[in-house]
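In: Build me a model:
(2 chains)
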Amino acid sequence: MHQSMSETETCSINVNGQHRRVPAGTTVAGLVQEIGFDPARVAVERNLEIVPRSTLGEVQVEDGDDYEIVHFVGGG
Amino acid sequence: MNAPHNIDADSWTVAGRTFRSRLIVGTGKYKSLEQNAAAVAASGAEIVTVAVRRVNISDANAPMLTDFIDPRQVTYLPNTAGCFTAEDAIRTLRLAREAGGWSLVKLEVLAEAKTLYPDMIETVRATELLSKEGFEVMVYCTDDPIMARRCEDAGAVAVMPLGAPIGSGLGVQNPVTIRLIVEGAKVPVLVDAGVGTASDAAAAMELGCDGVLMNTAIAEAKDPILMARAMKAAVESGRLAYRAGRMAKRRYADPSSPLAGLI
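Out: This is a model prediction of the structure:
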């Protein structure tokens, strides 16, 4: 029962200040790809802690998570 | 001094990395990434400053800086522009390190929007914390020799006093204090911010600085690519003049043609 529940569950999260829903079980790498970016070219902070790039494919998104996804842009 | 010496044998080293170009350029304010890349190429810079910002979720296909300026060819120096506390700066640089894997960073902790003057209390504190975390921190600071020394004591691998406020283009306002910083520092000194045109960059180099960092002077020139080339020449000229050792100043004329043999 619990298994079938989780398949349809979604997580409510914030990404760069915007609210978003993703299916439960989504990895952080999956989230980055879903919004259109290459996980190898961004850095991710989850609830104010860096998610090491080597673990982006393993760490799963949890309900209530707050993400900052950043990359390099022009600057002085 | 009759022995031949290699005019081009000149380089500087920061945190164990050696560079030939003494010009560091920013990558902000350009009309396009193409123009930005062309200006970087014209400047001959081996280091560019970059900012860390949120990806644009609503436009994932927007062109990216890394597609135009290859981080394998040019050293990216992540900055903390827009950070007003040590904590903001540290958070930004931790993300930068994760995004690019680089530990060489430019710290700037600003005090207020109006002047963009560095908050030196927070800057020194952040320098110390970042150095302990293994970052190699090039520090934007005031043109105050004591504050520059405080940064160095806190672990800065380079001190980068402002020539004038960021984006002002006023040129080096306090050549005396910049020179005092150069004489007192054991780490490289780069004038960061305030350069407006080529003569300003040359003047900074003539003070004995190891390099100059600029963005707006190139990006807001009518022809940024031409100005980038001008800045390359200016930094090289200023450096050569410093190495050559300028003549003493006199209050009165001294003829260049011999007085003997006058008809």
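
In: any idea of the mean pLDDT in the helix or strand containing residue B:228?
Out: Applying DSSP states H and E as the criterion places residue B:228 in helix B:224-244. What helix B:224-244 shows for mean pLDDT is 98.

In: what comes up buried for that helix?
Out: For helix B:224-244, a neighbour-count test (16 or more other CB atoms under 10 Å in any protein chain shown) marks B:224-225, B:227-232, B:234-239, B:242 as buried. Placement of C-beta: from N, CA and C, glycine included.

In: Name the surrounding residues that touch that helix.
Out: Residues outside helix B:224-244 that contact it (CB atoms under 8 Å, 6 or more residues apart in numbering or on different chains): B:7, B:10, B:21-23, B:25, B:30-31, B:35, B:38-45, B:195, B:197-208, B:211-212, B:214, B:217-218, B:221.

In: what does stretch B:8-18 give?
Out: For stretch B:8-18, contacts defined as CB under 8 Å, 6+ apart pick out B:19-20, B:22, B:75, B:104, B:136, B:138, B:157-158, B:187-188, B:210-211, B:239, B:243.

In: Nearest to chain A, out of these: which one, please.
Out: For those, the closest approach to chain A (CB to the nearest CB) belongs to residue B:75, at 12.4 Å.

In: I'd say the closest one and residue B:50 touch.
Out: No - between residue B:75 and residue B:50 there is no contact under CB atoms under 8 Å: 10.1 Å.

In: Those two - which one has more neighbours?
Out: When residue B:75 and residue B:50 are compared for neighbours, residue B:50 comes out ahead with 29 against 17, by other CB atoms under 10 Å in any protein chain shown.

In: low pLDDT regions in chain A?
Out: Chain A contains residues with pLDDT under 70 at A:1-8.

In: got the residues of it near chain B?
Out: Residues of chain A lying close to chain B (CB under 8 Å from any CB of the partner chain) are A:15-18, A:35-37, A:41-45, A:48, A:50, A:52-53, A:68-76.

In: cutoff 10 Å now
Out: Where chain A comes near chain B, counting by CB under 10 Å from any CB of the partner chain, the residues are A:15-18, A:20, A:32-38, A:40-45, A:48-53, A:67-76.

In: May I have the beta-bridge partners of residue 19?
Out: Just going to use chain A. With DSSP bridges as the criterion, residue A:19 is bridged to residue A:14.

In: look at chain B instead
Out: residue B:12.

In: Spatially, what comes nearest to residue 75 if we skip its sequence neighbours?
Out: Just so you know, I chose chain A. In this structure, residue A:75 finds its nearest non-sequential neighbour in residue B:51, 2.7 Å apart by CB to CB, 6 or more residues apart in numbering or on different chains.

In: looking at chain B here, not the other one
Out: When the adjacent residues along the chain are set aside, residue B:75 lies closest to residue B:47, with 4.5 Å between them (CB to CB, 6+ apart).

In: re earlier: okay, and the common contacts of residue B:75 and residue B:50?
Out: Common neighbours of residue B:75 and residue B:50, using CB atoms under 10 Å, 6 or more residues apart in numbering or on different chains, are residue B:102.

In: Tell me where chain A has helices.
Out: Secondary structure of chain A, counting by DSSP state H: helices at A:2-8, A:28-34.

In: how about the biggest strand by length in chain A: buried residues?
Out: Longest among the strand segments of chain A by residue count, using DSSP state E, is strand A:66-74. By neighbour count on 16+ other CB under 10 Å, the buried set for strand A:66-74 is A:67, A:68, A:69, A:70, A:71, A:72, A:73, A:74.

In: Touching, residue B:216 and residue B:192? I think so.
Out: No - assessed by CB atoms under 10 Å, residue B:216 is found out of contact with residue B:192, at 11.8 Å.
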